[in-house]
Structures are given as structure tokens and as C-alpha cells.
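Enquirer: pasted the sequence and its predicted model underneath.
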Amino acid sequence: MRSDRAKAGLDNAASRALLHACGLNREQMEKPFIGIANSYTDIVPGHIGLQRLARAVEHGICAGGGVPFNFGVPAICDGIAMGHAGMFYSLPSRELIADVVESMAEAHAMDGIVLLTDCDKITPGMLMAAGRLDIPAVVVTAGPMHSGNFRGKRLSLVRDTFEAVGRYQRGEIDDEEMQELELRACPGEGACQGLYTANTMQCVTEAMGMSLPGAGSALAGTSERTRIAYESGEAICRMVEEDITARQIITEASIRNGIRIDMALGGSTNTCLHIPAIAHEAGVQMELEWFDEISQVTPQISKLRPAGDYMMEDFHNAGGVLAAMGVLGDDIEDNLTVSGRMMEENVADAEVWDDDVIRSKDSAYRVTGGIAVLHGNLCPDGAVIKQSAVADSMRQFTGRALCFDSEEAAMEAILADEIPDGSWVIVRYEGPQGGPGMREMLNPTAALTGMGKEETVALLTDGRFSGGTRGPAVGHCSPEAAVCGTIALIEDGDEIAIDLDERTLQLLVDEEELARRRESWVRPDPKIGKGWLARYARLVTSANTGAVMTPECND
């Protein structure tokens, strides 16, 4: 066993003494040591129920013949961190999570690991660690939140709080209703109810085979979740015995399956950061273009919030991830899963129970998938858009730029109703280096939607978006402004044209003028010059490569 290096032989007498001090007996020394990377915290709704799931995982590990060891992993709630300096830390925390899991698993020579997670950056950080360590690993997610309810209307976080801010500004909602929405939109534990980043990543994880069947959509706080957690504890012990490691599951096939389910469901654009980062850590070579190539041939068979009105509870009750994969049929590639079965076997057991929530290919909501990758002189290395949430009237759009060098400046102008119809809102110096940390732009996009401008105004940023974003919002613009990408050269009044059908994004300024602007560009001073974020900014790569950290300094 891997753990023998910390517990076997005469040289490890002191190590055994310390393990005995933790309560282990001599018999347990002969069993596999299984880590539980537990991202429980009191301040993230998706994670407040993880202690109960950790207990179920422990029971499963003990039943499977292993010894469980809980340890803590940080977790940030993007919704709480949104719109202020806290969001600088969100994406960088993904790297910290991978480093923490790696550190604990290697330092204590764990034989296998259960990754207990739920929300936006935590799940990909855990998967990155699994790929990097290449030891037996199972992901256990806490599941989606139930919908809220007010006056008989189902509620979700993004539509009924973030977007409600814009409606409040327009006078459509009074103080009393706004307060009721705040109280009722999120009724308890779990990841926010739509197909935002957290739930997208849970579905992707199941589609990749890194969690047990049903784990992508079973609701938080239910006995079904508890059973999945228990069975995951048993599964990790079997994987240790059979020496099934993470890289045997995280393969090119599983990565493509993850992307394909994302396209089929109309998931978050943040997967264009997270899946490449997971592939990087697992040693799988992939390009951003995979998303567009798969999107072009994958129908969108489900339409959950924010693109539609269905929620994750509807998706789960309709059959969940495996049922959706069954509809995709031969497009799904066979791959080993943590269940011990091949993906084709798991999919064969699934069925669709609501054919409007999960449609057939013939009646799909769209003939192509949810995400498009754009190219042009504005984004030679690519940019991404959640096309499934864009109105048909905005698929081709030309407008004039209004430039802002921070999210706060853009938000102030939006709420002051200073953005005329026909505009492109440019939010720059918010990329991986320039942010630093590539903040989500849910506040500006939700405010524009709430103010009724999702079919008259577009937004472009080198930052990123929440999975809850609606409308023509283009993110991940690469190269970013901080390295003199073209987005840094835009001036107020410049015309910008997007064509989703052609996958193009063009700044309508001639190359001679752009060369003049590039020559006079001066890189601004870093927004943050100390601490973890300063180190992150010096080491992080571009969005089109997954915004991973490398040993080479960007200075």
C-alpha cells in the first residue's frame, strides 16, 4: 500500500506512535488509509451540509475495509464574493484547493481520496488534484439546492436576486418584494438551482465518470445524496484494492464526454477554464477549440435556468445526467468510471422520464450546443459566449464601444442608466493577470438583463461570467488587456461586430490605427502588489489555456 511508506517498518515507529495518538489501533494499521478532502464551511450554502455527507462517506469507507481521515479544504461562495474585492480570490482559490489536496495526500501517503465538494471553483480544484496525484479518487458533490417559492412562483438565486436588482432600479419591484425575494430565493443547502457553474461542474464530473451515477443532479439534503456518499466510501476502497487511479478515468474520452454533456445541457462558460485545467493536470492534451468542435455537432437537449425555466430538480426528476447521455447515444464515448463499470453500462440503465426537460435529438431546443468559441482581431486566441442564452435578435450585432477599466466602473454606469441601446460595454483589465483572478461579471450582466437591455446591449470582457449570465455576454477575451491584447486598444465609439453563426468577433478599426494605439499603450500598474494574488498574477497563464499556474514568471 502507498500508506506503508508512512506506517510500515522499523523506521516508522514514531509515525505509528503518532497514528496511535489519533486513535488508531494495530489492526487499522493494516488497512488502506483514505483521505476525505472535506470543503465544509458555514458560509457557503452548497457546503453547509457536507459534514453529514462526510459521516456517510466515513461509514462507507469503514464498511469497505479502509480507515477514513477527514481534512479541511477552503471554499469560497462566488455569490457572496461577487461585486467586490472578494471575487479576486475566487478563481485563484481553485489552485489553492488543488495544492492543499496534493499536500495532504502526499504528506500522509494516503492510498486513496474522496473529494467532498459542491460549488464553483471547489469541484474543479478537487478534480485537478485528482489528476495531478493519480491515485484512486472519487468525487462526492452535495447537490443542487431546492427552488425557492414566493406567492406560488418558483424562485432561483440569479433570476430572483441578481436580476431583480435591475427590476428594482426600474421601479418594477418595491422594497417589500425585494426583501421577500432575498429571504425566499435560497431556501437551504445546495448549489444554486439552475445550470450555473456549480451544477454544470457536477454534471460534468458525473459525465466524466469521476462520481457515481446520480451524483450530478440528486438534490442536496436528501437521503439519495447520503446513500451516494456512503456508496462512494465503499467505491474508493474497491478502487484502492483494484489499483484504479484517477488518470485511468480522466482520459481524452472522459474529457470529451464532459464537454459534450456541457454543450447538450447549455452549461456554464466557466467549463472552458476548468475542463482544460483538469486535463492539464491529468496529462491530457486538449485545445479550447474542442468546445466549439463538440458544440457544433451536439444538440442542446435541455434548457435549464438561466436559459430556460426548468431547474436542476426538474432535470434530476427527468432522469439526470445518464439519461441525457443516453439521448446523445453513440456520441458518448465509452470510458471507465468510479462505479467500477464502463460508462456505456451506466448509460444503458438510464431512461428519460420527462421528454420536455430532456428532449430527443429530433426535438432538441437547438441543433448545436450551448457554448461558442469566437475568433477575430479582438480575440485571436479565442473568446467564449453562452450562445444558448442569447436571443436570436442578438446573434449578429454591431454596436459602439463604451470602455471601462474595472467591473465597478461599468456597474456604476449601468445602474445609472448611462448605457444607450446599441452599445458594447467593454470591461477590461479583469483577466487572469490583470484582475488579478479573472472576476465573474454576474452583477453587470444581471443588471443589464433586469433593466431590459439583454436584446439591445452586448458586453465584452477579459474576465469571465457566472453560469447564470444571460444575453450577448462575451468573456475570456484572449489575449487579455494586461498583456496588450486588442481589448486594451478599444476606444469609446469604436464599432464592434459579432456573428455567432460565423463564430467571429471583430473590432472595426483598421490595422494601421491599431498598430499606432499598440505603440502608445502603457501597461498599468498591478491592482494588487502583495500577498497571494500578486504571486498568482505573476504565474497564471491565459484564459484560453485554462488559467493554470506555471513555474515561469510572466514578468
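Expert: Sure thing, it's come through. Residues are numbered from 1 along each chain as shown.

Enquirer: now do the strands in the stretch 301-450 of the chain.
Expert: Counting by DSSP state E, counting those that start in this stretch, the stretch 301-450 of the chain has strands at residues 371-374, 382-386, 396-404, 423-427.

Enquirer: which secondary structure elements does the longest one contact?
Expert: Secondary-structure packing of strand 396-404 (3 or more CB pairs under 8 Å, 6 or more residues apart in numbering; DSSP states H and E): helix 407-415, strand 423-427, strand 495-499. To be clear about C-beta, it is placed using only N, CA and C from the backbone, and glycine gets the same treatment.

Enquirer: which outside residues touch that strand?
Expert: 410, 413, 419, 422-428, 457-458, 472, 490-501, 508 (CB atoms under 8 Å, 6 or more residues apart in numbering).

Enquirer: quick revisit: how about the strands of the stretch 301-450 of the chain in JSON lines, adding distance to residue 101, mean neighbour count and mean pLDDT?
Expert: Shown next, in JSON lines, are the strands of the stretch 301-450 of the chain (distance: least, CB to CB, whole Å; neighbours: other CB atoms under 10 Å; pLDDT from 0 to 100):
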{"stretch": "strand 371-374", "distance to residue 101": "28", "mean neighbour count": "24", "mean pLDDT": "95"}
{"stretch": "strand 382-386", "distance to residue 101": "27", "mean neighbour count": "28", "mean pLDDT": "95"}
{"stretch": "strand 396-404", "distance to residue 101": "37", "mean neighbour count": "18", "mean pLDDT": "97"}
{"stretch": "strand 423-427", "distance to residue 101": "33", "mean neighbour count": "25", "mean pLDDT": "97"}
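
Enquirer: can I get those in CSV with distance to residue 542?
Expert: Formatted as CSV, the strands of the stretch 301-450 of the chain follow (distance: least, CB to CB, whole Å):
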stretch, distance to residue 542
strand 371-374, 14
strand 382-386, 9
strand 396-404, 21
strand 423-427, 17
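
Enquirer: between the ones you listed, which one is nearest to residue 549?
Expert: strand 382-386 (19.6 Å; CB to CB).

Enquirer: show residues contacting that closest one.
Expert: Counting by CB under 8 Å, 6+ apart, 266, 268-269, 272, 288-289, 291, 307, 370-375, 460, 465, 467, 469, 472-478, 500, 505, 544 sit against strand 382-386.

Enquirer: repeat the analysis, applying 7 Å as the threshold.
Expert: Strand 382-386 is contacted from outside by 269, 272, 288, 370-375, 469, 473-478, 505, 544, using CB atoms under 7 Å, 6 or more residues apart in numbering.

Enquirer: so which of those are in helices?
Expert: residue 272 (DSSP state H).

Enquirer: mind giving me the ChimeraX select for the contacts of strand 382-386, buried ones only?
Expert: Command for ChimeraX that selects the buried part of the contacts of strand 382-386, burial taken from 16 or more other CB atoms under 10 Å:
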select :269,272,288,370,371,372,373,374,375,469,473,474,475,476,477,478,505,544
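
Enquirer: now the residue nearest the centre of the chain: how far from residue 366?
Expert: Nearest to the geometric centre of the chain sits residue 197, at 4.0 Å (CA atoms, centre = their mean). Here residue 197 is placed at a distance of 20 Å from residue 366 (CB to CB, to the nearest Å).

Enquirer: also residue 229?
Expert: 35 Å.

Enquirer: and what of residue 423?
Expert: 27 Å.

Enquirer: residue 551: neighbouring residues, count only.
Expert: 5 (other CB atoms under 10 Å).

Enquirer: cool, and residue 220?
Expert: Count around residue 220 with other CB under 10 Å applied: 24.

Enquirer: you'd agree it is in a helix?
Expert: No. Per DSSP: H, G, I helix; E, B strand; the rest coil, residue 220 lies outside any helix segment and is coil.

Enquirer: so what's it up against?
Expert: 49, 142, 143, 144, 145, 189, 190.

Enquirer: and what about residue 535, helix, strand or coil?
Expert: For residue 535, the secondary structure call by three-state DSSP comes out as helix.

Enquirer: from residue 90, how far out is it?
Expert: 16 Å.

Enquirer: got the phi and psi for the nearest residue to residue 485 once chain neighbours are set aside?
Expert: Once flanking residues are discounted, residue 485 sits nearest to residue 479: 3.4 Å by CB to CB, 6 or more residues apart in numbering. With angles defined as degrees, to the nearest 10, residue 479 sits at phi -70, psi 150.

Enquirer: distance-wise, check residue 479 relative to residue 434.
Expert: From residue 479 to residue 434 the distance is 10 Å (CB to CB).

Enquirer: so for the two, which residue has more residues nearby?
Expert: Neighbours per residue (other CB under 10 Å) separate residue 479 from residue 434, with residue 434 holding more: 26 against 21.
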